[in-house]
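Engineer: Pasting the sequence and the predicted coordinates here, then a few questions.
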Amino acid sequence: PTCKLYKRPFTVCIEGNIGSGKTTFLSHFKQFDNTTVLQEPVELWRNVAGINLLELMYTDPKRYSFLFQSYVQLTMLQLHTYKSAMPYKIMERSVFSARCFIENMKRTKLLEDVEVVVLEDWYDWCIQNANIVTDLIVISYYIYINVVYLRTSPEVVYNRMKTRARKEENSVSLEYLHQLHNIHDEWLYDQTLFNLPAPVLVIDGNKSLEEMVIQFENCKNLIFNKKEEKN
Ligand SMILES: Cc1cc2cn([C@H]3C[C@H](O)[C@@H](CO)O3)c(=O)nc2[nH]1
């Protein structure tokens, strides 16, 4: 039998706050037939054997943050290791950004220290043992030197979140979005938190949809060209 050589796809993780424009970015890439687009498996988190774990996490975060993040980690790993024949794979968030949410829950005491240790041990083992190689993290504030991050102000994402009105998020405060924004900034903008698994691109998520699409196009060219450089 001819063994099918599985070539690791050039993987891009789109990162950013709730409501920062990731889904819009992903839909822009759905038009390319050389790219597998993997959205965040929110529907899985809403139905774990009939239980809405996302809702439980927001309703009783002290009790359910660990359980939720542990399931998120599993579902993100399944996406990281998803086999596709396409040369490009774009993922919404990653096990890398899972650490941002865990970090925030640690800082706000929603996770016990021992819960953080267990989540981090799982993460460390997975990184060493699973095939997770991310060639480029796309985040959001376009600067041409090829370091980009989907950076959207908490006020803007708060309004978008409210407009989208995802029922589980109706209790999410502007303060929480500020916390997540700051941790994403530390990780991807100041680059003082965690270590970066890959070079970063940034797009200004505060722009109008038209301006965002222009930035997505620039980003797409950077990404598809980058692969050429790589080969
Ligand atoms: C990797 C990762 C994604 C992710 C999303 N979420 C929440 C934020 C949004 O309300 C919803 C969909 O992104 O899930 C979370 O609490 N922890 C997460 N960790």
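Structural biologist: That came through fine. Numbers count the residues shown, from 1 in each chain.
Engineer: in the protein, which ranges drop under the pLDDT threshold?
Structural biologist: Low-confidence segments of the chain (pLDDT under 70): 1-8, 130-149, 196-197, 226-231.
Engineer: how about a cut-off of 80?
Structural biologist: Applying pLDDT under 80 to the chain flags the ranges 1-10, 127-149, 195-198, 225-231.
Engineer: Where do the strands of it begin and end?
Structural biologist: With DSSP state E applied, the chain shows strands at 10-14, 35-38, 88-92, 136-138, 200-201, listed in chain order.
Engineer: Could I get those in TSV, plus columns for distance to Val213 and mean neighbour count?
Structural biologist: Where you see a C-beta, it was placed from the backbone N, CA and C, and this is true even at glycine. Shown next, in TSV, are the strands of the chain (distance: least, Cβ to Cβ, whole Å; neighbours: other Cβ atoms under 10 Å):
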stretch	distance to Val213	mean neighbour count
strand 10-14	15	26
strand 35-38	16	20
strand 88-92	16	23
strand 136-138	14	26
strand 200-201	15	26
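Engineer: Columns distance to the ligand on top of the ones you listed, output as JSON lines?
Structural biologist: Below are the strands of the chain laid out as JSON lines (distance: least, Cβ to the nearest ligand atom, whole Å):
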{"stretch": "strand 10-14", "distance to the ligand": "10"}
{"stretch": "strand 35-38", "distance to the ligand": "12"}
{"stretch": "strand 88-92", "distance to the ligand": "8"}
{"stretch": "strand 136-138", "distance to the ligand": "13"}
{"stretch": "strand 200-201", "distance to the ligand": "17"}
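Engineer: need the contact list for Thr35.
Structural biologist: Neighbouring residues of Thr35 by Cβ atoms under 8 Å, 6 or more residues apart in numbering: Phe29, Met86, Pro87, Tyr88, Lys89, Ile90.
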